[in-house]
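A.B. asks: let's see this in three dimensions:
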Amino acid sequence: MKKNLKTLFLCKYCGCSSPKWMGRCPDCGEWDSFSEEIQTKTTKSGKNSNSKPQPIPIDSVEISDEGRFFSGITEFDRVLGCGLVPGTLVLIGGEPGIGKSTLMLQAIYGFAKNNHKVLYVSGEESIQQIKIRSDRIGASSGSVIALSEVDMGSIIETVESICPQIIVIDSIQTMFCPELSSTPGTVSQIREAASKLMLTAKTKNTSVFLIGHVTKEGTIAGPKLLEHMVDTVLYFEGDQNQLFRILRAVKNRFGSTNEIGVFEMKEKGLEEVLNPSSVFLSERPDHVPGSIVTACMEGTRPILVEIQALASITSFGTPRRTVLGIDSNRVALLVAVIEKKLGMHLMGFDIFMNVAGGVRIDEPAVDLGIVSAVVSSFLDRPIIDRTIVLGEVGLTGEVRAISHIDARVSESKKMGFNRLIVPEGNAKRMVDPKDIEIIGIKTLPEAIDALFEKES
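C.D. replies: Next up, the predicted model:
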């Protein structure tokens, strides 16, 4: 028996294996990430060669007419890619208490209402606890079968006996494979459990949701290999002290990876926000320095967000740059452009930036909004009311054209804004819309002149 046992050290972040313990992982560079695991050598199964799948030409593959599954939650279905494809393996990650289990209970309740049989497997809660939470959020259905189990062998047997169309595993870190001697949550257990569920999803055309915990670094706990195994990776983001939650797709083989879904946490569960622009701008202060509205694209949907900046004289030798919701490197680059091209000396000022509402934006089209907010706070002058700025800023101070300008202008007009500052390259190609003023600019100085009212 001892000859069949092999001791390995595996990295809990990337799955790298080593015959001895190492202080730093040579693959991902993480420190103190190796843990000891005992692996048993398994014998090869004697399956009949006739049962193996045979290769066939791709143009002769028959596709089922069965379409996507819909949960009835518009924001959830949009992030999945306009519905759930049968046979998909989906990984949902988020911080503890953010609402992952609540979101999945509401989603499977919607699937069940559309006559889809669902198996909900919980390794953290009992069936009674699941029932109490389902009743609280109004998501109880006879088509949802609950199971409290961590043994993967028993779970697979249950799947084969009841043949569900959708399976939810809450959470993948609690699953246990008896053939492995390591404890649940280790690299070997997570990888083996995910492999079995992936095989079940592909062979039985069953959709599987895996709920995963997120580490303090913001990544899904377990090996990075888990993200490569699944078809879709969704992150459920937000602050527990705030009402709004954002569901973001970072990988999707059957849809766009730029879509987000916005939800509001209420007493009876999560409620979808169909118009995020109105929510993010609902508490925006009027006519104050350092506040500007811009339009960012999340997949195919434009969203108006408020960018806030505060420039204050520093009391330290090195000024601070604190940024939330925007790439800090991008902000540092634009601050350097402001100093060089506009002659504003910001080295003696601390700069704080925030995107109101907790949303994160990372596209170059909001560069001019970042610059406008910093300049407005530095000059202590408010921007003209009902103004939106759009444009990418280059290192030489030029303002470059952006994509999806028509969708951004349409959303701005719908939200009551009547003055848009856009790159001249976009303004030339636009048909002047009614009831809205389009100002085309080429450089940063032109943009700054258009931001503020003329002083008398």
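A.B. asks: for the host helix or strand of Ile439, buried residues please.
C.D. replies: Taking DSSP states H and E as the criterion, Ile439 maps to strand 437-441. For strand 437-441, a neighbour-count test (16 or more other C-beta atoms under 10 Å) marks Ile438, Ile439, Gly440, Ile441 as buried. The C-beta positions use only the backbone N, C-alpha and C, and glycine is treated the same way.
A.B. asks: name the SS class of Ala450, please.
C.D. replies: Classification of Ala450 by DSSP: H, G, I helix; E, B strand; the rest coil places it in helix.
A.B. asks: so what strands line up beside the longest strand seen in the chain?
C.D. replies: Longest strand in the chain, counting residues (DSSP state E): strand 301-313. Strand 301-313 has its sheet partners listed here by DSSP bridges as strand 291-298 (antiparallel), strand 349-355 (antiparallel).
A.B. asks: next, the buried residues of that strand.
C.D. replies: Buried residues in strand 301-313, defined by neighbour count with 16+ other C-beta under 10 Å: Arg301, Pro302, Ile303, Leu304, Val305, Glu306, Ile307, Gln308, Ala309, Leu310, Ala311.
A.B. asks: let me see the mean pLDDT of it.
C.D. replies: Across strand 301-313, pLDDT averages out at 93.
A.B. asks: next helix or strand past it?
C.D. replies: Using DSSP H and E, the helix or strand that follows strand 301-313 in sequence is strand 321-324.
A.B. asks: what packs against the lowest-mean-pLDDT helix or strand in the chain?
C.D. replies: The helix or strand of the chain with the lowest confidence, counting by mean pLDDT, DSSP states H and E, is strand 34-40 at a mean of 73. Counting contacts by 3 or more C-beta pairs under 8 Å, 6 or more residues apart in numbering; DSSP states H and E, strand 34-40 packs against strand 5-11, helix 187-204.
A.B. asks: figure out which of the strands paired with strand 301-313 is closest to Leu368.
C.D. replies: Smallest distance to Leu368 across these (C-beta to C-beta): 7.4 Å, for strand 291-298.
A.B. asks: could you pull up phi and psi at Arg419?
C.D. replies: The phi/psi pair for Arg419 (degrees, to the nearest 10) reads phi -140, psi 120.
A.B. asks: any idea whether the spatially most central residue of the chain is helix, strand or coil?
C.D. replies: Nearest to the geometric centre of the chain sits Arg248, at 2.5 Å (C-alpha atoms, centre = their mean). Classification of Arg248 by three-state DSSP places it in strand.
A.B. asks: circling back: nearest to Ser410, out of the strands paired with strand 301-313?
C.D. replies: strand 291-298 (9.6 Å).
A.B. asks: which outside residues touch that closest one?
C.D. replies: Applying C-beta atoms under 8 Å, 6 or more residues apart in numbering, the contact partners of strand 291-298 are 258-260, 281, 284-285, 302-308, 361, 363, 365-366, 368-369, 372-373, 376, 382-383, 387-390, 403-404, 407-408, 411-412, 417.
A.B. asks: run through the helices of this structure in chain order.
C.D. replies: In the chain, the helices defined using DSSP state H lie at 74-80, 100-113, 127-137, 152-162, 187-204, 225-229, 276-280, 328-342, 367-379, 405-414, 424-428, 444-451.
A.B. asks: which of the ones you listed has the lowest mean pLDDT?
C.D. replies: helix 225-229 (a mean of 81).
A.B. asks: so where's the stretch 1-150 of the chain uncertain?
C.D. replies: Scanning the stretch 1-150 of the chain for pLDDT under 70 picks out the ranges 1-5, 39-52, 64-66.
A.B. asks: go with 80
C.D. replies: 1-7, 12-15, 28, 35-54, 61-66 (pLDDT under 80).
A.B. asks: tell me which residues touch Arg245, please.
C.D. replies: Going by C-beta under 8 Å, 6+ apart, Arg245 touches Ile98, Gly99, Leu103, Phe236, Glu237, Gly238, Val262, Phe263, Glu264, Met265, Leu270.
A.B. asks: could you double-check that Leu234 lies in contact with Thr257?
C.D. replies: No: with contact defined as C-beta atoms under 8 Å, Leu234 and Thr257 do not form a contacting pair (10.2 Å).
A.B. asks: the least confident helix or strand of the chain: partners in the sheet, and parallel or antiparallel?
C.D. replies: Counting by DSSP bridges, the strands paired with strand 34-40 are strand 5-11 (antiparallel).
A.B. asks: what residues sit buried inside the partner strand?
C.D. replies: Applying a neighbour-count criterion of 16+ other C-beta under 10 Å, one finds Leu8, Phe9, Leu10, Cys11 buried in strand 5-11.
A.B. asks: can you check stretch 329-345 too?
C.D. replies: Neighbour-count burial for stretch 329-345 [16+ other C-beta under 10 Å]: Arg330, Val331, Leu334, Val335, Val337, Ile338, Lys341, Leu342, Met344.
A.B. asks: repeat for stretch 160-173
C.D. replies: For stretch 160-173, by 16+ other C-beta under 10 Å, it's Pro164, Gln165, Ile166, Ile167, Val168, Ile169, Asp170, Ser171, Ile172, Gln173.
A.B. asks: show the contacting residues for the second one.
C.D. replies: The reference is to Gln165. Applying C-beta under 8 Å, 6+ apart, the residues near Gln165 are Phe69, Pro86, Phe111, His116, Lys117, Val118, Thr206, Ser207.
A.B. asks: ok so, going back, redo the buried residues of strand 5-11 as a markdown table? Include distance to Ser141.
C.D. replies: Listed next are those as a markdown table, based on distance: C-beta to C-beta, whole Å:
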| residue | distance to Ser141 |
| --- | --- |
| Leu8 | 44 |
| Phe9 | 45 |
| Leu10 | 40 |
| Cys11 | 41 |
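A.B. asks: which of those residues sits closest to Ile155?
C.D. replies: For the buried residues of strand 5-11, the nearest to Ile155 is Leu10 (23.4 Å; C-beta to C-beta).
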